[in-house]
Structures are given as structure tokens and as C-alpha cells.
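**Q** Give me the fold of what follows.
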Amino acid sequence: MQITVIGRGDCSVEEYEAAETIGYLIAQKRETVCCGGLGGVMEAACKGAKEAGGTTVGILPDTGEGNAYLDVVIRTGMGHARNVVLVNSADAVIAVGGGYGTLSEIAVALKTGKPVFGLLTWKIEGVFVCATPEEAVILAVRAARLSRPSRSPRGPGESS
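**A** Reported below is the predicted structural model:
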């Protein structure tokens with residue numbers, strides 16, 4: 001599963017710490033952290049995921065390198081339009097804090113039926129408000145797993 005973590009590139013210390021914990025917890029559950037690939041909340045989520053041995057994917061708005069904690073860098077050159085690609089790459093979304101870019105990502109997620117879990121973020125109908133990073137991760141991972149069909153391995157000649 002891919003859990004997308006969204007939030008400001010210039011976040012508060014509280015948001016950074018929350019995002020770092022979220023990234024760590026997602027990786028502990030063996031899920032992939034996706035983000036916009038830049039600083040702030042995005043960097044913190046990736047840093048936490050790497051500390052737990054997880055995999056991180058950054059879908060960048062430009063053609064740069066992204067933050068230092070990315071395993072996979074997708075350079076879109078699309079500016080804010082990359083928000084649609086980022087959200088559509090998610091099985092669930094966790095918003096931490098955020099400005100108008102985060103708001104646009106939340107809107108795309110809700111419009112496309114992606115579950116959104118919020119911590120210190122916009123209070124919008126459809127966003128599940130979470131009190132802690134742990135709650136956000138538990139709910140997001142559960143929603144992501146429920147939204148995807150099981151992928152049981154099959155051998156040659158085995159039917160579904």
C-alpha cells in the first residue's frame with residue numbers, strides 16, 4: 001500500500017515532529033510513504049520512514065532532486081498540477097497541517113474517493129480528524145488495506 005503524506009514545505013516544529021512519527025509508523029507497518037518530495041512535512045515523513053527501514057517516493061513538482069530521504073524520485077516538471085498525480089498514487093492520504101497546496105490535495109483526494117485523515121489540518125467535511133500520529137496511521141493503513149483487493153500470490157495454472 002502507498003500512504004501519501006501531505007503538508008507544508010515550511011511547517012511548524014509540531015507538524016514536522018508529527019509527520020516524522022507518521023512516516024516512521026507507516027514504514028513499521030511495511031507500507032510505502034509517498035509525498036511531494038520537498039521539505040517540511042514531506043521531508044519529515046520520509047526521514048521517519050527511513051529511520052524505520054521503509055521505502056519513500058517523492059513526486060516532485062519540478063525537475064530537482066527532492067529531499068535527502070527519498071528512495072524514488074519522480075520529476076514531473078508539472079508544478080502544482082503534480083498534486084493530482086501524488087493523490088492518485090495514494091491508497092490513503094494523511095494531511096499534516098498545510099496551506100493552500102495541501103488544501104488542493106485534500107480536495108482532489110475527496111473528489112476521487114480517497115480516504116483522508118487529518119492531523120492539525122483543515123477542518124473539512126470528509127476529512128477524518130485524528131488526535132495523534134498513531135491514530136492517523138492506524139486509520140489510514142486500515143482504510144488503504146480495505147480499499148485494495150487482496151493480492152494473493154498464485155502459481156502457474158492457478159485461477160482466482
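**Q** From here on, just use CA atoms for contacts and neighbour counts.
**A** Will do.
**Q** now stretch 12-26: mean pLDDT?
**A** Average pLDDT, stretch 12-26: 98.
**Q** List the buried residues of it.
**A** Of all the residues in stretch 12-26, those buried under the rule 16 or more other Cα atoms under 10 Å are E15, Y16, E17, A18, A19, E20, T21, I22, G23, Y24, L25, I26.
**Q** again with stretch 132-149
**A** P133, A136, V137, L139, A140, V141, A143, A144.
**Q** The fifth one reaches K114, doesn't it?
**A** Yep, that's A140 we're talking about. No: the pair A140 / K114 is not scored as a contact, 10.1 Å apart, by Cα atoms under 8 Å.
**Q** Would you mind grabbing the residues shared as contacts by those two?
**A** A92, V93 (Cα atoms under 8 Å, 6 or more residues apart in numbering).
**Q** Does Y16 touch A44 like I think?
**A** Yes: contact criterion Cα under 8 Å: Y16 and A44 qualify, at 5.6 Å.
**Q** low-confidence ranges in the protein?
**A** Regions of the chain meeting the criterion pLDDT under 70 cover residues 149-160.
**Q** those helices in it, which residues are they?
**A** 13-28, 41-51, 82-88, 100-111, 133-147 (DSSP state H).
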